[in-house]
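**Student:** Take a look and give me a structure for this.
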Amino acid sequence: MLYWQANFQIPNSGVQSAEVYVAAENTDEGVAANFYSDSTRQNLLFTKYYPKTTIDPYDYLLSLEEFSNYVRA
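**Tutor:** This is a model prediction of the structure:
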């Protein structure tokens with residue numbers, strides 16, 4: 001799981017979170033990154049898909065500029 005202490009807000013949605021957690025997995029559609037507002041994965045913020053990869057999905061996401069504020073939790 002990835003973690004970011006973010007004070008995150010989805011623009012024009014009213015959704016806010018002080019912390020963001022990302023659970024990632026390889027799927028047929030690519031790397032599915034599920035963004036949560038809690039470590040127990042109870043409050044899903046959104047899901048985003050990234051291109052398929054053969055490396056660990058967390059290592060892949062951490063290599064992207066978009067995830068430069070995240071650390072492995």
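
**Student:** where does residue 59 land in three-state SS?
**Tutor:** Classification of residue 59 using DSSP: H, G, I helix; E, B strand; the rest coil returns helix.

**Student:** List the contacts of it.
**Tutor:** With Cβ atoms under 8 Å, 6 or more residues apart in numbering as the criterion, no residue contacts residue 59. The C-beta positions use only the backbone N, C-alpha and C, and glycine is treated the same way.

**Student:** mind running it again at 10 Å?
**Tutor:** 24, 53, 72 (Cβ atoms under 10 Å, 6 or more residues apart in numbering).

**Student:** how much space is there between the first one and residue 7?
**Tutor:** When distance is defined by Cβ to Cβ, to the nearest Å, residue 24 is 22 Å away from residue 7.

**Student:** Mind checking which of those two has more residues around it?
**Tutor:** Comparing residue 24 with residue 7 by other Cβ atoms under 10 Å, the one with more neighbours is residue 24, at 22 against 10.

**Student:** so what's the residue nearest in space to the middle of the chain closest to, chain neighbours aside?
**Tutor:** Nearest residue to the geometric centre of the chain (Cα atoms, centre = their mean): residue 22, 3.2 Å. Leaving out its chain neighbours, the residue that sits closest to residue 22 by Cβ to Cβ, 6 or more residues apart in numbering is residue 2, at 4.1 Å.
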